[in-house]
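Asks: Build the 3D model from these lines:
(2 chains)
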Amino acid sequence: MAELNQTNLETILEAKGIYKSFSGVPVLQDVHFEVAKGEVHALMGENGAGKSTLIKIITGVYSKDQGQIYWEGKPVEINNYQDCQKLGVACIYQELSVIPPLTVAQNVFLGREPRNGKLIDFRKMNRMTQELIDKYEFPLKPTTIVDNLGIGQRQLIEILKGLSQDSKLLIMDEPTASLSGKEAEMLFKIIQTLRNQGVSIIYISHRLEEVYMLSDRLTILRDGKNAALLQKHEIIPAKVIETMIGKVVDESSGSRKMLQSREGEVRLDVKGLTDKSDRYRNISFQVHRGEILGLGGLIGAGRTEVVRAIYGVDKAQSGEVWLDGVKLNPSPRNSINAGIGFVPEDRRNQGFIPLLSTTRNVALTNYDIVKKNGSAVSDKDELEMSKRAIQAIDIRPSDPNKEVGVMSGGNQQKVVLGKWLMRDLKLLIVDEPTAGIDVGAKDEIYSILEDLASKGVAIIVVTSDLQELLRVSHRILVMRKGNIVKEFKNVEVTQSKVLAAGQGVEEVEEAG
Amino acid sequence: MKGFNISKYSKPFILVAFVLILTALRPTTFPTVGNIANVLWSVSVIGIMVCGTIFVFLVGGIDLSIATLCGFSAVVVVEVIHFFGDTTLGVLAGVIAAICVGAMAGCVHGFIITTFNIPAFLVTFASQSVFLGLSMVITNNKIVSCTAPAAFTAIGAMKVFGFPLPIYFMLVIAIASWYVLRKTEFGRYIYAVGGNATASEISGINVKKSTILCYVFSGITTAIGGIVLASMTQQAAAATGSGYTNDVITAGVIGGVSLLGGVGTVPGAIFGAVLMGLLNNGLNLMSVPSTHAGLVKGLVIIIAVGFDAMQHRDQSRKRAGFRLFKKKAA
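Replies: Below you'll find the predicted structure:
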């Protein structure tokens, strides 16, 4: 792609001196961000760097505390999403809002159908859609029923919708997160055509290679401040990673750790696990007694799929799982009986039963050890178990009959964890254990994990939070595109190194 | 378990209020053993069936084939008795055959719903037609009467300690259902599956097997309902039990069973059935013409459900947004 002519940059959107804080905690401080006409401007930063907040201010979802936004050089006030649509900004959401039974054209013009008197003029609508499709070379037909299209093409419809409203700036937030490789290729091609036709794009992604390939400029945020504004030729992967993490941060305690592995007896032995739909392949690793193994990598690298296959929620196509020298036939029931516990990533949808009480949730996997009177479960023993769990890990509210659905995220997670603590565990798998949980509860969950490990339980922690990964792990494996690409063992590891491995960047210079 | 809580007693309170009102209005005809036995006798078929369908409701399903499966079971029992020449052995065979038919129907429902992931609504909507058709084919769309042997007519009419047998059947089945749901491991799994099937699966519960078992049990109680109904009326036809799908679902909903799954109890469902029976009886005793009865019934049901909802206002208020059906912790 030809580099933009720097002297000819016509700024379409500029945000100057943006400040924003939530309940006293500053999230954005003096942030400057600009997009030129016909530019793909990437926005990167670690979780919590302020990317989403900045975008929400631009699209009018949040109000800013200080600062000014300019559109084509003129100061503008954006108070809601309608305001920003009127200017010509369209946000392509991750949750697609297309309606499957309708055609492509009907979706593009939903609510704004061209009319012929009172009736919808379908021919005009199809013609207008075809014109847009031709102009930007979309691989779509106006009359196709959306139900027959894949997720990648549905996303293109969202983009068409934006373009049909004469949008000059498109915002794409992790657009490739749920796309296959082929679908992503299709999207990249469209992005380049749009750019050549003078449409500006803000491209938010964790994937460095995409940013490297697509973007003209890159703004990096770190801790709510501008960390760098890089021109295309300055986008060097190692440098980007270093900038995202920050040298200073990398030297702080939470970002650097001397790993010390526990070489006890092998508890879990995974041999050549391979997925039916190729989301991971030939995965082999071991976890030892009392060891906390961190599984790092980008979202979509296949980590969740691997641990789900080990526990048996999904079946692997081939490969073996051995626990304490015994080969398992993975299924949730078999795994539980063998001494494996599993805390899934999506707490609300997979972790607990919201309408049921703490007691019923804690006991759910444990009726094999709750006392029985004949066929009747002993209510007393069930309650005792729940009280033990509440006491052991301080679940609040401490009422064992409280329904879990109304509790805070941290306490819900403790309930999910609590049921495993009541068993004789050999292996515990936790996937994103602290997502959406406040700092205090995070620390409590870490100490629960550390406590379990000290009792000889092997633990696998899947996490996208680099700080968390370093905080809890004795050893770290990094996955990328379905393969284990790196092991950090008995070495000093930094957030940059883990991130670089997950991004597929070869070498990162030692910080400092 | 929760300590004293007025809302927990709202159902018995409504029931007592109903009884008192009817006693005050019809002091001579309502509060007699004969009339109470009559009320319970009239609700027993609904009561028996709701004890099984509550399992289906709890796993988040629905059964629209209750009425025609009830009719089909009635036809099966009567035809088998005739086949055996109206003997006592024939009654035994007929009852076993009808119960097997119910269990099979439930098993097929459950299998199709869980294996092909088709909504229960559609599967049972289709099968209701199948059962109706089968009844029509077997009976040649005529009413088949069955007034002998005594072992058969006794099922629906024989009195023990002043109360007809079906009331005892209802009690026994209700206690059994209550025991399974409230006391056993399986019962706890049913509430979990209805509350969150994915989380239940991950917790090692065989969601498919549990769901199929719920439909099987629902089929069995529906068949028992059909047998009792055939004996009470001493006949069977394709139309036997028509309207019962509505009545059973209404009894459940009045009793606090959520059609979204995961919420409801057997005593609640029985309460719903009895309340409907009292209502019918009251309207009857007060000579409300049948043209007006439906209107009055509907209004009273709304008031009863509304009263129950008000009792739980505190709990519902905590949850944001509007819910079609109320959900409470089990």
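
Asks: quick one, what contacts the most centrally placed residue in chain B?
Replies: Centroid-nearest residue in chain B: residue B:50, 1.9 Å away (criterion: CA atoms, centre = their mean). By CB atoms under 8 Å, 6 or more residues apart in numbering or on different chains, the residues touching residue B:50 are B:248, B:251-252, B:255, B:269-270, B:272-273. Yep, even glycine has a C-beta here, placed from its N, CA and C like the rest.

Asks: Output the contacting helices and strands for the strand or helix carrying residue A:203.
Replies: Using DSSP states H and E, residue A:203 falls within strand A:200-204. Contacts defined by 3 or more CB pairs under 8 Å, 6 or more residues apart in numbering or on different chains; DSSP states H and E place strand A:200-204 against strand A:25-36, strand A:40-44, helix A:51-58, strand A:169-173, helix A:181-196, helix A:208-214.

Asks: The same query, at a cut-off of 7 Å, please.
Replies: Identification of packing neighbours for strand A:200-204 by 3 or more CB pairs under 7 Å, 6 or more residues apart in numbering or on different chains; DSSP states H and E yields strand A:25-36, strand A:40-44, strand A:169-173, helix A:181-196.

Asks: Dump the last one to CSV, restricted to CA.
Replies: Think helix A:181-196. The C-alpha trace of helix A:181-196 is given here as CSV (Å, rounded to 0.1, in the frame of the first residue of the first chain):
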residue,chain,number,x,y,z
GLY,A,181,-8.7,-16.3,8.1
LYS,A,182,-10.5,-16.2,4.7
GLU,A,183,-13.1,-13.8,6.0
ALA,A,184,-10.5,-11.5,7.5
GLU,A,185,-8.7,-11.4,4.1
MET,A,186,-12.0,-10.3,2.5
LEU,A,187,-12.3,-7.6,5.1
PHE,A,188,-8.8,-6.3,4.6
LYS,A,189,-9.4,-6.0,0.9
ILE,A,190,-12.5,-3.9,1.5
ILE,A,191,-10.7,-1.7,4.0
GLN,A,192,-8.0,-0.9,1.4
THR,A,193,-10.6,-0.1,-1.2
LEU,A,194,-12.5,2.2,1.2
ARG,A,195,-9.3,3.9,2.1
ASN,A,196,-8.4,4.5,-1.6
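
Asks: average pLDDT for the one helix or strand residue B:96 maps to?
Replies: If you go by DSSP H and E, residue B:96 is part of helix B:88-115. Mean per-residue pLDDT for helix B:88-115: 97.

Asks: Can you mark which positions in it are buried?
Replies: The neighbour-count check on helix B:88-115 (16 or more other CB atoms under 10 Å in any protein chain shown) flags B:90-91, B:93-95, B:97-99, B:101-103, B:105-106, B:108-114 as buried.

Asks: any residues touching the next helix or strand after it, and which ones?
Replies: Helices and strands here follow DSSP H and E; after helix B:88-115, the next one along the chain is helix B:120-139. Under the criterion CB atoms under 7 Å, 6 or more residues apart in numbering or on different chains, residues B:61-65, B:67-69, B:71-72, B:75, B:79, B:105, B:109, B:112-113, B:237-238 lie in contact with helix B:120-139.

Asks: mind saving the C-alpha coords of stretch B:87-106 as PDB?
Replies: This file holds the C-alpha atoms of stretch B:87-106, laid out as PDB (Å, rounded to 0.1, in the frame of the first residue of the first chain):
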ATOM      1  CA  THR B  87     -62.400 -58.600  32.700                       C
ATOM      2  CA  THR B  88     -60.400 -57.500  35.800                       C
ATOM      3  CA  LEU B  89     -57.200 -58.800  34.000                       C
ATOM      4  CA  GLY B  90     -58.200 -56.500  31.100                       C
ATOM      5  CA  VAL B  91     -58.200 -53.500  33.500                       C
ATOM      6  CA  LEU B  92     -54.700 -54.400  34.600                       C
ATOM      7  CA  ALA B  93     -53.500 -54.800  31.100                       C
ATOM      8  CA  GLY B  94     -55.300 -51.600  30.000                       C
ATOM      9  CA  VAL B  95     -53.800 -49.500  32.700                       C
ATOM     10  CA  ILE B  96     -50.300 -50.900  32.000                       C
ATOM     11  CA  ALA B  97     -50.800 -50.300  28.300                       C
ATOM     12  CA  ALA B  98     -52.000 -46.700  28.700                       C
ATOM     13  CA  ILE B  99     -49.100 -45.900  31.100                       C
ATOM     14  CA  CYS B 100     -46.600 -47.400  28.600                       C
ATOM     15  CA  VAL B 101     -48.100 -45.300  25.800                       C
ATOM     16  CA  GLY B 102     -47.700 -42.200  27.900                       C
ATOM     17  CA  ALA B 103     -44.100 -43.000  28.800                       C
ATOM     18  CA  MET B 104     -43.300 -43.700  25.200                       C
ATOM     19  CA  ALA B 105     -44.900 -40.500  24.000                       C
ATOM     20  CA  GLY B 106     -42.900 -38.600  26.500                       C
END
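
Asks: where are the low-confidence patches of chain B?
Replies: B:1-9, B:304, B:307-330 (pLDDT under 70).

Asks: follow-up on the earlier one: taking the contacts of residue B:50 together, which two end up most distant?
Replies: B:248 and B:270 (11.8 Å; CB to CB).

Asks: wait, isn't residue B:247 in contact with residue B:46?
Replies: Yes - assessed by CB atoms under 7 Å, residue B:247 is found in contact with residue B:46 at 5.2 Å.

Asks: Against chain A, how distant is the nearest residue to residue B:112 once chain neighbours are set aside?
Replies: Distances taken as CB to CB, 6 or more residues apart in numbering or on different chains put residue B:123 closest to residue B:112, at 5.1 Å, once the chain neighbours are dropped. According to CB to the nearest CB, to the nearest Å, residue B:123 stands 22 Å off from chain A.

Asks: try residue B:204
Replies: For residue B:204, the distance to chain A - CB to the nearest CB - is 4 Å.

Asks: For residue B:90, give me its contacts.
Replies: B:80-81, B:83-84.

Asks: higher neighbour count, residue B:247 and residue B:46?
Replies: residue B:46 (26 against 22; other CB atoms under 10 Å in any protein chain shown).

Asks: what kind of secondary structure is that one in?
Replies: The local conformation at residue B:46, judged by DSSP: H, G, I helix; E, B strand; the rest coil, is helix.

Asks: shouldn't it be in contact with residue B:250?
Replies: No - at 8.9 Å, residue B:46 does not count as touching residue B:250 under the criterion of CB under 7 Å.

Asks: Quickly note the distance from residue B:118 to residue A:200.
Replies: 47 Å (CB to CB, to the nearest Å).

Asks: Tell me which of these two has more neighbours.
Replies: Under the criterion of other CB under 10 Å, the comparison of residue B:118 against residue A:200 puts residue A:200 first, with 25 against 12.

Asks: If that one is in a bridge, with which residues?
Replies: Applying DSSP bridges to residue A:200 gives these bridge partners: residue A:169.

Asks: Looks like it contacts residue A:37 (just checking).
Replies: Yes - the criterion here is CB under 7 Å, and residue A:200 meets it with residue A:37 at 5.9 Å.
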